[in-house]
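In: the sequence and its predicted three-dimensional model are supplied below.
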Amino acid sequence: MKDLSGLHAIRWRSVFMWLLPILFFAYQFTFRLWLGLVKTDVMKQFSIDATGFGLLSSIYYYGYAGMQIPVGLLIARKGPGFALLAMAWLCGIGGLIFSYTNNYTLALLGRFFIGTGSAVGFLATCAVISLFFPKKDYARMVGLSFALGFCGAIFGGGPLSSLITKYSGQTVGVALSFGACLIGTFGYIFLRKPPRQTEDQPNTLNTNSSTTSVQLKSEDFWKLLSCKWIWMIGAVNLLLVGVMEGLVDAWGPDFLVQAYHYSNSEAAYLVSYIFFGLIMGGPLLTSFSKKFNTYTLIGLCGLGIFLFLTAVLTGIITNTLLLSALFLIIGVMCCYQALIFASIPQWVSARYLGVATAFLNCLNMAGGLFFHTLIGLTTDFFWAGELSATGAKVYDLTAYRYGLGLIPLSALVGTVIIFFVGYRLKKMTLPLISENR
């Protein structure tokens, strides 16, 4: 009986440790979406056009994507608790810089810091899962992590928009900044290493010392980077992410206002249905992956994104209820990410799990700078020449449709690639990368 109670104590401790990085993982979505909700004010404040706003949006992803492997190494050397403290505070400092500056260059720096700090959320979550949970539960916990993480994205839609309307974008930005620092401090105080490492855990970190030490060497990175199949899977991760890091982050609400004549608040709430779909999709798709081919499921998700988003952009759906349903389904399809990250232990051996996760998430987040930059440039290219009373560019529906049309087209390309990868890898022995390959 004593052993049983001890087992329950370990499990509850594992869940508590897992919830600490999940809290920041969810919170950083709110921080990320904040910029899109103050888009008009920001463009007026810094006197920038769609290309300038695209750069301001994409600079976040330069920080986020570029810091994936360095943050992964920081977690390996210092532990997820210290990494969470350092990066969450950097995120908060970036938010304060952005909130108080009237200088566009400093705004870019602040946004870059926010992206850099946010990089720790998902990686720390995966590290804690690998440390505290058995390997057989890895896929399920990753799917559940996505579901809980996207709860923060839901708050970053309609509720955050209402707060901005009531208190101003600057006030909300300052509050978000202090919140990030508080979460990082809380995580550092309570996040600890597991009491012991079980044999069936991925064991990506060495937990035999007071501070975790990295086991990977430089040749391990080259081994990962020399695998063309990992690059192709990463390319799919990037090409399918346009809904999350293009439509939802910044451009979606403005498009809905133009195309369907919703108010800003109504448009933000409608986009939030994508996040409801994301919450449902993580556990749903990872459970399906146990019975169906993972590559086929990812490909069907990409095809669904292409078809349903095309229907939204062309305006053939005019009913609000149907639009809400389409956004919900698109959100479920966007959980292809959960399938990719949950399948990493199948593609690489335990030694490479941490760096492979960081690498694939790096390419995933690089989709942000890819889509924001191209959408901004395309929207500017199709600008009809209209100016507001203050001299700011005003974009019509045609410009938005051409810009956002890059998202379903990219999803279609990603779908073709993943079906090809699935066909070829079905004939190969997994994992793709191991100590002996």
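Out: On my side now, so go ahead. In this text, all values refer to a predicted model and were calculated from it rather than measured experimentally.

In: where does the protein have its least confident helix or strand?
Out: helix 218-225 (a mean of 71; mean pLDDT, DSSP states H and E).

In: what's the average pLDDT for the very next helix or strand once past that one?
Out: Moving toward the C-terminus from helix 218-225, the first helix or strand encountered (DSSP states H and E) is helix 228-239. The average pLDDT for helix 228-239 rounds to 91.

In: packing partners of the next helix or strand after helix 228-239?
Out: Stepping forward along the backbone from helix 228-239, the first helix or strand reached (DSSP H and E) is helix 242. Helices and strands in packing contact with helix 242 are listed as helix 406-425; criterion 3 or more Cβ pairs under 8 Å, 6 or more residues apart in numbering; DSSP states H and E. Bear in mind the C-beta positions are built from the backbone N, C-alpha and C, glycine included.

In: in the chain, which helix is the longest?
Out: With DSSP state H setting the assignment, residue counts place helix 2-37 as the longest helix in the chain.

In: any idea how far the helix or strand that comes right after that one is from the chain center?
Out: Past helix 2-37, heading to the C-terminal end, the next element that is a helix or strand (DSSP H and E) is helix 39-46. Shown here is helix 39-46, whose average C-alpha point lies 24 Å from the average C-alpha point of the whole chain (Cα atoms, centre = their mean, to the nearest Å).

In: now swap in stretch 231-238 and tell me
Out: Here stretch 231-238 shows a centroid-to-chain-centroid distance of 15 Å under the convention Cα atoms, centre = their mean.

In: can you check stretch 174-188 too?
Out: The answer for stretch 174-188 is 19 Å, by Cα atoms, centre = their mean.

In: report the buried residues of that stretch.
Out: Of all the residues in stretch 174-188, those buried under the rule 16 or more other Cβ atoms under 10 Å are V174, L176, S177, G179, A180, C181, I183, G184, F186, G187, Y188.

In: got the CA positions of that stretch in PDB?
Out: Listed next in PDB are the C-alpha coordinates belonging to stretch 174-188 (Å, rounded to 0.1, in the frame of the first residue of the first chain):
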ATOM      1  CA  VAL A 174       2.600  45.900 -20.300                       C
ATOM      2  CA  ALA A 175       0.400  43.500 -18.300                       C
ATOM      3  CA  LEU A 176       1.400  40.600 -20.600                       C
ATOM      4  CA  SER A 177       5.100  41.500 -20.100                       C
ATOM      5  CA  PHE A 178       4.900  41.300 -16.300                       C
ATOM      6  CA  GLY A 179       2.800  38.100 -16.600                       C
ATOM      7  CA  ALA A 180       5.600  36.500 -18.600                       C
ATOM      8  CA  CYS A 181       8.200  37.400 -16.000                       C
ATOM      9  CA  LEU A 182       5.900  36.000 -13.200                       C
ATOM     10  CA  ILE A 183       5.400  32.700 -14.900                       C
ATOM     11  CA  GLY A 184       9.200  32.300 -15.600                       C
ATOM     12  CA  THR A 185      10.000  33.000 -11.900                       C
ATOM     13  CA  PHE A 186       7.300  30.600 -10.700                       C
ATOM     14  CA  GLY A 187       8.600  27.900 -13.100                       C
ATOM     15  CA  TYR A 188      12.200  28.300 -11.800                       C
END
